[in-house]
Every structure is written in structure tokens, then in C-alpha cells.
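Enquirer: got a predicted model here, sequence first, then my questions.
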Amino acid sequence: MNNDILFKEISQQPELIRKMIMDERNRTQSVVDGLKNKFKYIVIAARGSSDNAARYAQYLFGAHNHIQVALATPSLFTLYKESPSLSDALVIGISQSGQSPDIVSVLFEAKNQGCPTLSITNDTKSPLALASDAIIPLNVGTEISTAATKSYTASLAALALISIAMADDEIHFAEMCNIPDYMSQVIEKTLAQSEKIQRYRYINHCMVIGRGFNYCTAYEIALKIKELSQIVAEAYSSADFQHGPIAIVKKGFPIVLIAPTGSVFKEILKFKDQLENLGAELIIISNHQDLLKHSRLAFSIPQELPEWISPIVTVIPGQLIARQLTIEKGLDADHPEGLSKITETI
């Protein structure tokens, strides 16, 4: 049965991203034009899924715009009341609701220090939006299900539009326009595999591994698995995982490996060999057909998918895996126990 709200919101993503690309490009270009020569690096304030979007921004702006991106430490601005200097920074707040006081406080302090501020939010009248010089709206409609799906991919798309505007990059914009079709293909292919996910209904823990642009995807998929299915899922880069945590891998240990082709792919292949030798049970998301053959459960993504936009697509199998595990466990996919849609922290 696909009558839950979460499934509906996952399925909305292709068309919402298509609309965002078309509707927000000119606004984004205008915002970026107004920021020229006003900053030397970027600081991003975010929590939860939005923080995972910020991880994407670190690779995106670093690789395509040669801009260093730092993640803010909001408690310094609130609980410690010791705000660091933000001199020469563009400060971006990312939040679906725009309600969390700690994120808003970072942008208020940035304005007090004379920094340009920008918010990426679904609520253009929220405190975060009102604290910002400029807004990139997500325009995904009300996200009813507690777990963020469409607001997460829209946040990634907003960051991609900003990067493209900064670089005046028509080639990357043309590639971005293919994302909705890629997303639709992946939703269809993943749903065809849904019944096989029941194999993992009794697991208590798993690891989710990504690297490079998909470091953020590992964190977002792990978050979705945890908050929906109550399985302890931890995220790592393949590099960090080898510095100690790999010791826990034994025969049958479930690992989700995010491995689209690109700059880190050769390293991921070597890492896969290590995991196989240790007896790990691999669930692989990739567009490399030979690699997928090494997976107990394989999720295929389009072969032509460029690495830099792959996180907007590779997260979808993770969203659907988390949803299906939740259903298999007899839990409520729309309203996970112990969670609320809007979380306000200080």
C-alpha cells in the first residue's frame, strides 16, 4: 500500500524540483549578483537534514566556485553567548521551517557584524526569512510527514542554483535540468525492489557510507533510517570509516554503500573489496553495473548522472528504504514516535 503521506511527498519531488529550477533561476541570479565582492567565504547555520544539505554545499562551492564553506556552531551564539567573528563571510541559514531560534540567532549576529545574509527556507515569513537580506524559497508546499524529503532535495537544488549563478555556468545548468527525469527513474526502479527490503526488518544497526559529494547523502540516509525505523544507523565517509570503525564489521554486518561514478569512485571500489573480505552484507546505490553485482540488494541510478548533482538523486533510494523498513516494522511512517515536524533548539 502506498497511501501514506511520506510516499506522496517522496513522489512529488521530481515535479517540485523541475518547477524550482525553472521558477527560481532568475531570482537566484539576482540574489547572487547582489552579493558580488561582498564576501570571501561562506558560513552555513543549519540543523538536521538542513545540516546535511550544508555538507553538500561544502563540496559544491569548494569544487565549483573555489569558496571555502564552514558550518556554524549555533550554541556559541546562544548558550555560550560568545559569537565568533564572521568578518568577510556570507552567512546562509538553511531551515525547512525557518523557526529554530539558534539558527536565527546566527543570522541576527551576522547582520550585527555587517555580513550579508541569505536564507533557504520553505516559509518566506518565518523568523529566519525575516532575519535575512535575501531569501531563496523552497516552494515545496506544506511538508506534512515528519521526515523531511522534498524539502531536503529542494535545499540541495537551491544550493546548486546558487553555485551555478556564482559561476555563470550554463553547462551545469543544462545538467541540472535533467534531475527531475533522473529522480522519476530512480523512484520507479526503487519501488520495484521494495519487497526485497523486508530482509532487513529485524536488523538493529547498520552503517551508511559515502564520500565526496555524497558524504551528505550518507548522513541524510542514516538520519532517515534512524528517525523512521528506529534502527541505529551511523554515517561515515569511507576514509573516516577505515580509521577505526571498520573494526566492528563482521560477517553479515549491513552496510549501505553510496557509490555513483566520479572522482571518488576508485577509492570506493577499493573500500568495497575490504568490506567484502570482512563479510559485510552490502546494499549498494550506484550507476556502475559491475559494482551493483556485488550487492545483496542493489539500487540502480542513471548511468549518465553527473557526480556533482548525484546527491539530489542518490538520496531517493535511501528515503524509500527507510520508509519500507518502517512499514515492515509496523511503525507509522508519517508520524515517527518521539518526533515533531518543527524542532526549535537554542
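Expert: That came in fine, so what should we check first?

Enquirer: low-confidence ranges, the stretch 201-346 of the chain, go.
Expert: Within the stretch 201-346 of the chain, the stretches falling below the threshold (pLDDT under 70) are 338-343, 346.

Enquirer: please read the previous query as pertaining to the stretch 51-200 of the chain.
Expert: Checking the stretch 51-200 of the chain against pLDDT under 70 turns up nothing.

Enquirer: please enumerate the strands of it.
Expert: With DSSP state E, counting those that start in this stretch applied, the stretch 51-200 of the chain shows strands at 69-71, 89-95, 117-121, 134-137, listed in chain order.

Enquirer: contacts for the third one, please.
Expert: The reference is to strand 117-121. Residues outside strand 117-121 that contact it (Cβ atoms under 8 Å, 6 or more residues apart in numbering): 31, 35, 50, 53, 90-98, 107, 110-111, 128-129, 131-138, 155, 158-159. No exception for glycine: its C-beta is placed from N, CA and C like everyone else's.

Enquirer: show me the domain layout of this structure.
Expert: 5-177, 180-328 (automatic domain parsing).

Enquirer: shouldn't Tyr56 be in contact with Ala218?
Expert: No: with contacts defined as Cβ atoms under 8 Å, Tyr56 does not count as touching Ala218, sitting 11.3 Å away.

Enquirer: the more surrounded of these two?
Expert: For Tyr56 against Ala218, the residue with the higher neighbour count under other Cβ atoms under 10 Å is Ala218, and the figures read 30 against 27.

Enquirer: just checking, the more buried one is part of a strand?
Expert: No: when classified by DSSP: H, G, I helix; E, B strand; the rest coil, Ala218 is found to be helix rather than part of a strand.

Enquirer: wouldn't it be in contact with Gly210 here?
Expert: Yes: with the criterion set as Cβ under 8 Å, Ala218 and Gly210 qualify as a contacting pair; they are 3.5 Å apart.

Enquirer: identify the contacts common to the two.
Expert: Counting by Cβ under 8 Å, 6+ apart, the contacts common to Ala218 and Gly210 are Ala235, Ser237, Ile258.

Enquirer: which residues does the first one bridge with?
Expert: Right, Ala235. When bridges are called by DSSP bridges, Ala235 pairs up with Val208.

Enquirer: follow-up on the earlier one: selecting buried members of the contacts of strand 117-121 in PyMOL, what would you type?
Expert: Command for PyMOL, covering only those of these found buried under the criterion 16 or more other Cβ atoms under 10 Å:
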select buried, resi 31+35+50+53+90+91+92+93+94+95+96+97+98+107+110+128+129+131+132+133+134+135+136+137+138+155+158+159
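
Enquirer: what helix or strand does Val313 sit in?
Expert: Applying DSSP states H and E as the criterion places Val313 in helix 311-328.

Enquirer: what's the offset of that helix from the middle of its chain?
Expert: 12 Å (Cα atoms, centre = their mean, to the nearest Å).
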